[in-house]
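K.L.:
Fold the following, please.
(one chain, ligands or ions: 1)
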Amino acid sequence: MHGLELLKKGAIWRIGRGTDVKIWRHAWIPRGFELKPAGRKRPCRLKWVSELIDEESRRWKIDVLTRYFHQHDVEVIKKIKIPWRSSEDFVAWHFEKSGYFTVRSAYRLGVSLRDIDSNLGSSSSHPDGSRPVWKKFWSLPIPHKVRIFAWKLIHGGLATKANKFRRKLEPTATCSICGSGEEMEFHAVMCCPHAKSLRDAMRSCWPIPGEKELGLTGPEWLLNVINTSDPDAAAQLILILWRAWFVRNKWVHEGRWINGKTSAEFLSSYWDSLSVIRQGEANDSKGKRPMVVTTIRSIERKPKVSSTWTKPNAGWVKINVDGAFMEGSEDAGIGVVIRDSSGSVLLTAWKHVSDAGSAEEVEALACKEGLTLAAEWVTLPSILESDCANVVRFLSLPERQGSPSSFTIQEALEEAAKLPRVEFHHVGRELNSVAHSLAQLARRLNHSAVWRNRFPFCVEQLVARDVNPSVN
Ligand SMILES: [Zn+2]
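P.N.:
You can find the predicted model right below:
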């Protein structure tokens with residue numbers, strides 16, 4: 001692939017006003033490879049992205065999106081944050097976090113595209129995602145959240161150790177369950193021993209494709225399998241992969257191990273419920289439908305305090321902010337705590353965020369919220385502390401970035417300009433435990449509040465320990 005072609009593949013529009021961006025022709029949807037919409041659900045005369053935005057509320061017109069776009073496109077589009085104020089659209093480089101073009105990421109993109117082309121000749125003839133295999137994918141009998149998981153899996157968008165390592169969010173790419181091998185998507189859901197044994201167990205009751213057909217044939221291995229399997233078998237395979245990823249997340253994020261027997265039983269009864277629903281839908285659309293409810297309650301780990309938070313100098317305040325985001329969940333939260341030079345709490349705030357797109361975006365929103373509250377209530381020289389290194393870098397060097405959060409960063413800086421002076425500091429998570437707990441609170445309870453001169457009971461101990469580390 002030639003240089004210019006490659007550049008076109010990696011260029012993405014960031015939506016400010018949307019008046020320069022063509023809905024169906026331009027690349028503007030931030031996700032894996034397919035940056036354009038997958039196609040129209042029905043004939044559509046709309047041409048510009050601005051026509052999808054409600055000018056008054058500065059929000060996406062969800063009814064218009066659901067009318068013309070496939071559901072999985074709607075999911076991604078509604079997470080794109082529209083700036084408060086009408087701003088210029090601009091072009092950024094999709095394959096680098098900062099949005100700036102680098103030779104290294106262009107090289108990686110070139111390699112991936114070459115692999116896709118050589119493994120699936122059909123991809124170049126239907127570059128817009130309208131390939132027949134996608135039609136089949138969308139009609140598989142799986143719940144929406146499972147489809148979203150599979151979509152991310154196909155596009156290399158799961159938060160695996162390898163992906164996080166590449167973005168410098170993890171010190172190593174090694175799988176933390178088996179310790180052997182890099183945790184790429186294929187390892188996490190296919191090769192890791194627990195994933196393999198779950199698949200083996202399910203083989204006795206489900207007719208999923210044989211191991212030989214499940215090799216890593218390239219980035220689109222799963223699409224290849226879907227292409228050649230009957231819809232039920234493909235759906236069942238995806239459910240197994242989805243469960244393996246769930247088990248992995250429980251272990252990595254909560255330290256809880258779910259054994260294979262529990263997973264196998266869960267999958268069997270889940271499939272039965274799905275079949276009942278399908279029959280119900282087919283036979284009688286008015287009849288009562290059984291509900292499939294999977295409760296995934298997160299258990300918060302207590303933040304470890306190994307080093308200590310420091311008070312700001314006299315005359316200054318410190319704003320600690322944090323974001324809570326879980327891959328695959330719609331709900332996110334942000335937490336803010338502002339303290340003076342004696343360590344007294346001037347303000348605590350937590351805010352629920354819906355339709356969050358990424359952890360980084362939530363961290364950027366947290367910075368903006370912290371600065372907005374400080375500008376409104378405190379107006380003293382301020383130190384903003386966040387444990388997200390990228391966002392702190394973006395705030396410090398705003399002219400050098402075009403990331404998906406860039407409009408939020410601009411807005412945060414406008415708030416910062418209302419304060420006499422602001423410094424941006426990156427700190428370790430253990431120094432940010434109060435803001436962390438508040439963010440978790442917001443995400444968990446789906447609740448928002450601003451409290452002046454006080455703090456909720458759940459952070460009482462953390463606040464005391466920040467001021468006096470000997471308190472336990
Ligand atoms: Zn492993």
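K.L.:
can you give me the helices in the stretch 1-150 of the chain?
P.N.:
Remark: helices of the stretch 1-150 of the chain, listed N- to C-terminal, are 3-10, 62-68, 71-77, 103-119, 122-125, 132-138, 144-154; assignment by DSSP state H, counting those that start in this stretch.
K.L.:
mean pLDDT lowest for which of those?
P.N.:
Among those, helix 122-125 has the lowest mean pLDDT, at a mean of 41.
K.L.:
Residue ranges of each domain in the chain, please.
P.N.:
3-111, 131-283, 317-467 (automatic domain parsing).
K.L.:
Highest mean neighbour count out of those?
P.N.:
When these are scored by mean count of other C-beta atoms under 10 Å, the highest mean neighbour count falls to domain 317-467 (a mean of 20). From N, CA and C alone the C-beta is placed, and that goes for glycine too.
K.L.:
Centre of the chain to it, how far?
P.N.:
Using C-alpha atoms, centre = their mean, to the nearest Å, the distance from the centre of domain 317-467 to the centre of the chain it belongs to is 18 Å.
K.L.:
tell me how far the ends of it are from each other?
P.N.:
For domain 317-467, the first-to-last residue distance is 14 Å (C-alpha to C-alpha, to the nearest Å).
K.L.:
so which of the domains of the chain gets nearest the ion?
P.N.:
The stretch from the domains of the chain with the least distance to the ion (C-beta to the ion) is domain 131-283; that distance is 3.1 Å.
K.L.:
Hmm, residue 176 is touching residue 164, no?
P.N.:
No. Between residue 176 and residue 164 there is no contact, the gap being 11.2 Å when judged by C-beta atoms under 8 Å.
K.L.:
Torsion angles phi and psi at residue 88?
P.N.:
phi -60, psi 140 (degrees, to the nearest 10).
K.L.:
so who does it touch?
P.N.:
Counting by C-beta atoms under 8 Å, 6 or more residues apart in numbering, residue 88 touches 16-17, 20.
K.L.:
How about residue 148?
P.N.:
Going by C-beta under 8 Å, 6+ apart, the list of residues near residue 148 reads 72, 75, 328.
K.L.:
Specify the local secondary structure of the last one.
P.N.:
Assigned with DSSP: H, G, I helix; E, B strand; the rest coil, residue 328 falls in the coil class.
K.L.:
do you know how far the residue nearest to it when sequence neighbours are not counted is from residue 136?
P.N.:
On the basis of C-beta to C-beta, 6 or more residues apart in numbering, the spatially nearest residue to residue 328 that is not a chain neighbour turns out to be residue 149, at 6.7 Å. For residue 149, the distance to residue 136 (C-beta to C-beta, to the nearest Å) stands at 17 Å.
K.L.:
what residues does the helix or strand hosting residue 384 touch?
P.N.:
Following DSSP states H and E, one finds residue 384 within strand 382-386. Residues lying outside strand 382-386 but in contact with it, judged by C-beta under 8 Å, 6+ apart, are 312, 316-322, 338, 363, 366-367, 370-371, 374, 392, 395, 416, 419, 421-427, 431-432.
K.L.:
Which residue of the protein lies farthest from its centroid?
P.N.:
Here the chain has its C-alpha centre computed as a mean, and the residue farthest from that point, by C-alpha atoms, centre = their mean, is residue 314 with 39.0 Å.
K.L.:
Tell me who's in contact with that residue.
P.N.:
The neighbours of residue 314, taking C-beta under 8 Å, 6+ apart as the test, are residue 341.
K.L.:
Please state the backbone phi and psi of it?
P.N.:
Dihedral angles of residue 314 (phi, psi; degrees, to the nearest 10) stand at phi -60, psi 140.
K.L.:
Kindly report the residues of the stretch 151-300 of the chain close to the ion.
P.N.:
Within reach of the ion by C-beta under 5 Å from the ion, the stretch 151-300 of the chain has these residues: 175, 177-178, 192.
K.L.:
tell me which of those residues is nearest to residue 444?
P.N.:
Distance to residue 444, by C-beta to C-beta, is smallest for residue 177 among those, at 25.9 Å.
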